[in-house]
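Visitor: Provide a 3D model corresponding to the input given below.
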Amino acid sequence: MCLNNVYILLVTLTLSVAIPSSQAARTPLEVSEQEEEKVEISPVDSWLKDFDAQRESFAEKYGTRFAFLFNYAQQAIIKSKHDEGKSRGPWYWDLEIEQKLWPGGALFAEFEMDKGKGVDKFLPTYSVFSDNAGESAWFYLPALYIEQKLFKDEITFTAGKLNLSDWFDYNEVAGCGDTQFSSSALVNNPTIPFPYIGIAALVNFEPYEWLYFQSGTGTAKVSYTKTGLSDAFNSAFFINELGLTPKFGSLQGNYRFIFYTNHQKLDYLNSDETKKNDSGFALSFDQAITKNATLFFRYGVADPKVRDIEYFWSCGAQVTEPFPGRKFDCLGIGVAQSIVGDDYREANGYDETWRAETMYEAYYSYYLNGCMALTPNLQVVTHPSVDKAEGTEIVCGLRFLLSF
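Guide: Predicted coordinates for the structure are as follows:
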């Protein structure tokens, strides 16, 4: 691709609209790569093998790779003090294209359409029932960025319009709203104030297979309807992550330590004063304990003077091949708890009915073939919006995922 074409695409970046969308931490290309691995060892999907072979041949010839993802999730409210019996079916599709530019350099672009907010429209919580439900938008560009690898891929620079939550606070078994848990509290850490998609950059340094460090920055306050450049210098969000990725025999572990600083004027929760910046700390661990079972744990601490949630934790497990012969099926269980700080309690009239909000979720991903999966799930929230008087809310859902 010539430099003029690159320039045109970068201009398109500045003109694209930053509409909040799903924050699944795996992109369509990454999901597609996972499915390709299943196709390689699945004898019944020969037509998919032919498609993947043709796609790889195209990538080798032209340097262009692509992946498509369609996610539809039907949700129904089983129990609640509000809107019991109502259901919603949010969906979205995402096309991602990777174009090789020069040695170590590539341009990534995503095109997306979203429809529907899901049951979160009726049941507001900190945990969020559907991570993939966002604002309805017929067509927009959620990501357009350049990636450059240097020094035998030990250093990677990434810059453009992107979502920092796709790189930071990742988790192998609790990091994708398309293939794993549906609740946002079990996909990302809510104490980390990730900006909406906007102008951002990051650098990753991986000197050893078991160690990496990455640092990123982006505009902290992004408007839904502005292009990105007009907001680029009004505030800044900085995040750093140290990762240890040891193997214990054949069992992979990932231990991420995260620190962020948010340079943005924020109002105190319990006074009329403002604060110019805040910071916080977070952890994201996952560890395989057997060939098929992996545990995960997250933890986060935020500034209680300006953030509703002061403490957060989540934990759970994922089991692959839960039943003999169902090699590509997956079972997941998780729990996440959001705890508000004293300043928030005082500002909102704390009383004895206030409790931490807790989300419980279980899902079973049923493999249909190399490009389709069905995932029923059950979600239970106690003390929604940290109010015991709201009772318990129960939502069941069925997600259909098409990816190739």
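Visitor: residues near Glu393, how many?
Guide: Using other CB atoms under 10 Å, the number of residues around Glu393 comes to 26. Placement of C-beta: from N, CA and C, glycine included.
Visitor: Same check on Asp267?
Guide: Neighbours of Asp267 using other CB under 10 Å come to 12.
Visitor: Okay, it and Thr274: tell me how far apart.
Guide: Distance, Asp267 to Thr274, by CB to CB, to the nearest Å: 6 Å.
Visitor: And for Thr382?
Guide: Taking CB to CB, one finds Thr382 at 34 Å from Thr274.
Visitor: go on, Ala288?
Guide: On the measure of CB to CB, Ala288 and Thr274 end up 46 Å apart.
Visitor: And those two? Which one has more around it.
Guide: Ala288 (20 against 10).
Visitor: Could you give the bridge partners of that one?
Guide: Thr294 (DSSP bridges).
Visitor: so what's it up against?
Guide: Counting by CB atoms under 8 Å, 6 or more residues apart in numbering, Ala288 touches Leu251, Gln252, Gly253, Thr294.
Visitor: What's the mean pLDDT across the top helix by length along the chain?
Guide: Ranked by residue count and defined by DSSP state H, the top helix of the chain is helix 46-62. Average pLDDT, helix 46-62: 85.
Visitor: which helices and strands does that helix pack with?
Guide: helix 28-40, strand 64-79 (3 or more CB pairs under 8 Å, 6 or more residues apart in numbering; DSSP states H and E).
Visitor: looking at these, which is buried most?
Guide: Sort those by mean neighbour count, taking mean count of other CB atoms under 10 Å, and strand 64-79 sits at the top with a mean of 20.
Visitor: Of the contacts of Ala288, just the buried ones, ChimeraX syntax please.
Guide: Isolation of the buried members of these (16 or more other CB atoms under 10 Å) is achieved in ChimeraX through the command below:
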select :253,294
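Visitor: Neighbours of Thr320, how many?
Guide: 18.
Visitor: and the residue lying closest to it once chain neighbours are set aside, backbone torsions?
Guide: Spatial nearest neighbour of Thr320, excluding adjacent residues (CB to CB, 6 or more residues apart in numbering): Asn292 at 4.8 Å. With angles defined as degrees, to the nearest 10, Asn292 sits at phi -110, psi -10.
Visitor: Any idea how far apart the tips of stretch 285-297 sit?
Guide: 5 Å (CA to CA, to the nearest Å).
Visitor: Please state the offset of that stretch from the chain centre?
Guide: Centroid displacement of stretch 285-297 relative to its chain, using CA atoms, centre = their mean, to the nearest Å, is 19 Å.
Visitor: if I look at the residue nearest to Thr320, how far off is Thr392?
Guide: 32 Å.
Visitor: With Thr158 instead?
Guide: For Thr158, the distance to Thr392 (CB to CB) stands at 42 Å.
Visitor: Tell me which of the two has more neighbours.
Guide: Counted by other CB under 10 Å, Thr158 and Thr392 do not tie: Thr158 has more neighbours, with 22 against 15.
Visitor: which residues touch that one?
Guide: By CB under 8 Å, 6+ apart, the contact set of Thr158 is Tyr145, Ile146, Glu147, Gln148, Trp167, Ala201, Leu202, Val203, Asn204.
Visitor: Would you list the phi and psi of Gly249?
Guide: phi 70, psi -120.
Visitor: since we're on it, how many residues are nearby?
Guide: Neighbour tally, Gly249, other CB under 10 Å: 6.
Visitor: which stretches of this structure form helices?
Guide: In the chain, helices defined by DSSP H lie at 3-15, 28-40, 46-62, 342-347, listed in chain order.
Visitor: Can you give me the buried ones in the last one?
Guide: Read it as helix 342-347. For helix 342-347, by 16+ other CB under 10 Å, it's Asp343, Tyr344, Arg345.
Visitor: same check, this time on the third one
Guide: Neighbour-count burial for helix 46-62 flags Leu48, Phe51, Asp52, Arg55 (criterion: 16+ other CB under 10 Å).
Visitor: Appreciated, that's everything.
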